[in-house]
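Peer 1: Pasting the sequence and the predicted model now:
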Amino acid sequence: MSSENQSETFLTAAQVAERYNLSKMTLWRWCNDARYRQQGFPCPMKFGARNYWRLSELESWERSRAVAIKQPTTKPPKSKLSASAQAKRAEILAKPRVDHIIETLRDLTREEAKLLHKALNGPANTTS
């Protein structure tokens, strides 16, 4: 037996679930769902009826996820606001005085006002 195999650390399902703050059912899904397997989540090894994960494989997966998070693959969405609405939004955010906001909003078209409201507050609840 090599010294590499002797020093290998294995984690139980409970330990892995605790490590990632997951339920055991979610951990089971991660192991059995193709979407997670495509993201490289390591498969457990079976010893008898129990699953064990190599700590080294989990750490490797964590490092790969950290690199993926630091390097976004998509560009941020472009603003739907017109250039004048973007400029007015910047003014509003720079000088959050109520009288200035009201004065600036009067100059917006109805559509620009809706888009600006959405950009500042998120989508409005349209249910009645």
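Peer 2: Perfect, I can see it now. Numbers count the residues shown, from 1 in each chain.

Peer 1: contacting residues for Phe10?
Peer 2: Met45, Tyr52, Trp53, Arg54, Leu55 (CB atoms under 8 Å, 6 or more residues apart in numbering). From N, CA and C alone the C-beta is placed, and that goes for glycine too.

Peer 1: Can you tell me which of these is nearest Arg63?
Peer 2: Within those, proximity to Arg63 (CB to CB) peaks at Leu55, which comes in at 12.7 Å.

Peer 1: Which pLDDT value goes with the residue nearest to that closest one when sequence neighbours are not counted?
Peer 2: In space, and not counting its chain neighbours, Leu55 is closest to Thr9: 4.1 Å by CB to CB, 6 or more residues apart in numbering. We have a pLDDT of 91 for Thr9.

Peer 1: for Ser84, same thing?
Peer 2: Ser84 carries a pLDDT value of 79.
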